[in-house]
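Engineer: The sequence isn't on hand, but the structure is:
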């Protein structure tokens, strides 16, 4: 495992553990648990903190039903406790301000109200976000170009991104996504990374669901960071079984469009991607065709001569207010941006979920992009 990933996991579990024990201390302060009940609650909380690791271990030995049950419990708790923490801290600040000015109810009474309100709102937000994460939106874009295109001068590209097929995004949830894709009737289907998440062996049947969609001009995919985390060889096996042509610093010409697929930066950091200087040189050259760049993480390179770059990775934050955090790392966090003349960027909020099966004010989407040019002879 890469050192940076180990550091990330250590930091994550320290922060996540701290948030859980903050919630525990607040509950103790209100309910005054002691003795055996307190020990039981601590043990349950430790198991909830370690749930992501436990799920991976159980999934690896193919106890899928148990792994999925623990995943739902652990990840929904993760969403709840994060939201509770944010709400509770906000109310704590408000409560202390009230205390400073000597206004409002007594400190003990206000403390109880703040705790109860944080629990209630966190619960409501998680329930709403759980169901909203299953309501796939269709984002429509229209891109005008002077390039010649077949198909009466109009090519429809549908983008899925960050589906995270795995322990939670399976079967019925995946079928809802694919229904939206079928309704859009794409000429080309593209996946801009993180199609997979977690143990590969258990999700190979889902590749057949994806393989059932056969657009006129084909399906193309790039690798995201999670393909590397899951195991790049097996991830590529799944993606090919799903009917996608994989582009790893490669370009294909189809329907009057040059589709450049840039491999995720994670591959270079892990030393698992070959030198891409030839690919970068080709992308820096002027083309007579419309240039579509598929890049998982929404970094923009000024030397790359594309007409449209489509990316994902950020999930739009997935759970508010984490979009403010992703915006700090990625200025183009979500949506459509004009970078210059005939140079556009679209960053998807993603189609699935990572971790908690919850989305709050960052709904999932597929992107329907109509490229409208001149009719080819």
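Structural biologist: Thanks, I have it. Quick caveat: nothing in here was measured; it's all calculated off a predicted structure.
Engineer: Am I right that residue 260 is in a helix?
Structural biologist: No. According to DSSP: H, G, I helix; E, B strand; the rest coil, the state of residue 260 is strand, so it is not within a helix.
Engineer: which residues does it bridge with?
Structural biologist: Beta bridges link residue 260 to residue 251, residue 293, judged by DSSP bridges.
Engineer: Could you tell me which strands the longest strand along the chain is paired with, and in which direction each runs?
Structural biologist: Residue-count comparison of every strand in the chain, with assignments taken from DSSP state E, identifies strand 137-149 as the longest. In its sheet, strand 137-149 lies beside strand 365-375 (parallel), with partners assigned from DSSP bridges.
Engineer: buried set for the strand it pairs with?
Structural biologist: 365, 366, 367, 368, 369, 371, 373 (16 or more other CB atoms under 10 Å). (Each C-beta comes from the backbone N, C-alpha and C, glycine too.)
Engineer: go on, stretch 249-257?
Structural biologist: Under the neighbour-count criterion of 16+ other CB under 10 Å, stretch 249-257 has 249, 250, 251, 254, 255, 256, 257 buried.
Engineer: Mind checking which of these are in strands?
Structural biologist: Residues of the buried residues of stretch 249-257 located in strands (DSSP E): 250, 251, 254, 257.
Engineer: tell me which of the buried residues of stretch 249-257 is nearest to residue 278?
Structural biologist: residue 249 (8.1 Å; CB to CB).
Engineer: Spit out the contact partners of that closest one.
Structural biologist: Residues counted as contacts of residue 249 (CB atoms under 8 Å, 6 or more residues apart in numbering) are 261, 262, 263, 273, 274, 276, 279.
Engineer: part of a helix, is the fourth one?
Structural biologist: No. Counting by three-state DSSP, one finds residue 273 to be coil, located in no helix.
Engineer: any idea how far residue 311 is from it?
Structural biologist: In this view, residue 273 and residue 311 are 17 Å apart by CB to CB, to the nearest Å.
Engineer: Between these two, point out the one with more neighbours.
Structural biologist: For residue 273 versus residue 311, neighbours defined as other CB atoms under 10 Å are more numerous around residue 311 (27 against 19).
Engineer: Do I have it right that the more buried one meets residue 350?
Structural biologist: No. Using CB atoms under 8 Å as the test, residue 311 is too far from residue 350 to be in contact (10.4 Å).
Engineer: Overlap of the contact sets of those two?
Structural biologist: residue 161.
Engineer: can you count the residues close to residue 144?
Structural biologist: Residue crowding around residue 144 was assessed by other CB under 10 Å; the count is 10.
Engineer: mind putting the buried residues of stretch 249-257 in CSV, pLDDT and distance to residue 120 included?
Structural biologist: Conversion of the buried residues of stretch 249-257 to CSV gives the following (pLDDT from 0 to 100; distance: CB to CB, whole Å):
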residue, pLDDT, distance to residue 120
249, 94, 50
250, 95, 52
251, 96, 53
254, 96, 52
255, 93, 52
256, 93, 55
257, 97, 51
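Engineer: Can you redo these as TSV, where the extra columns are distance to residue 14?
Structural biologist: Written out in TSV, the entries for the buried residues of stretch 249-257 read as follows (distance: CB to CB, whole Å):
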residue	distance to residue 14
249	36
250	40
251	43
254	47
255	50
256	52
257	46
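Engineer: What segments of the stretch 151-300 of the chain are strands?
Structural biologist: Ranges of strands within the stretch 151-300 of the chain are 154-160, 188-192, 219-222, 245-246, 250-254, 257-262, 290-295, based on DSSP state E, counting those that start in this stretch.
Engineer: Buried deepest among the ones you listed, which one?
Structural biologist: The densest packing among the strands of the stretch 151-300 of the chain, expressed as mean neighbour count by mean count of other CB atoms under 10 Å, is seen in strand 188-192 with a mean of 27.
Engineer: And the contacts of that strand?
Structural biologist: Strand 188-192 is contacted by residues 155-163, 181, 213, 215-222, 224, 239, 244, 254-255, 257, 259, 294-296, 310-312, 348 when judged by CB under 8 Å, 6+ apart.
Engineer: For residue 371, see how far away the nearest residue to residue 290 once chain neighbours are set aside is.
Structural biologist: In this structure, residue 290 finds its nearest non-sequential neighbour in residue 147, 4.3 Å apart by CB to CB, 6 or more residues apart in numbering. To residue 371, residue 147 is 8 Å away according to CB to CB.
Engineer: so what sits against both of the two?
Structural biologist: Jointly contacting residue 147 and residue 371 under the rule CB under 8 Å, 6+ apart are residue 290.
Engineer: backbone phi and psi for the residue nearest to residue 268 when sequence neighbours are not counted, please?
Structural biologist: What sits nearest to residue 268 in space, not counting adjacent residues and going by CB to CB, 6+ apart, is residue 276, at 7.8 Å. The phi/psi pair for residue 276 (degrees, to the nearest 10) reads phi -110, psi 30.
Engineer: what's the pLDDT at residue 276?
Structural biologist: Among the per-residue scores, residue 276 holds a pLDDT of 83.
Engineer: Residue 229 now?
Structural biologist: 85.
Engineer: With residue 287 as the reference, measure out to it.
Structural biologist: Counting by CB to CB, the gap between residue 229 and residue 287 amounts to 33 Å.
Engineer: same thing with residue 362?
Structural biologist: 34 Å.
Engineer: and these two? which has more neighbours close in?
Structural biologist: Neighbours per residue (other CB under 10 Å) separate residue 362 from residue 287, with residue 362 holding more: 25 against 17.
Engineer: returning to that earlier point: distance to residue 233 for the contacts of residue 249 - can I get that in JSON lines?
Structural biologist: Listed next are these as JSON lines, based on distance: CB to CB, whole Å:
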{"residue": "261", "distance to residue 233": "18"}
{"residue": "262", "distance to residue 233": "20"}
{"residue": "263", "distance to residue 233": "14"}
{"residue": "273", "distance to residue 233": "13"}
{"residue": "274", "distance to residue 233": "15"}
{"residue": "276", "distance to residue 233": "19"}
{"residue": "279", "distance to residue 233": "21"}
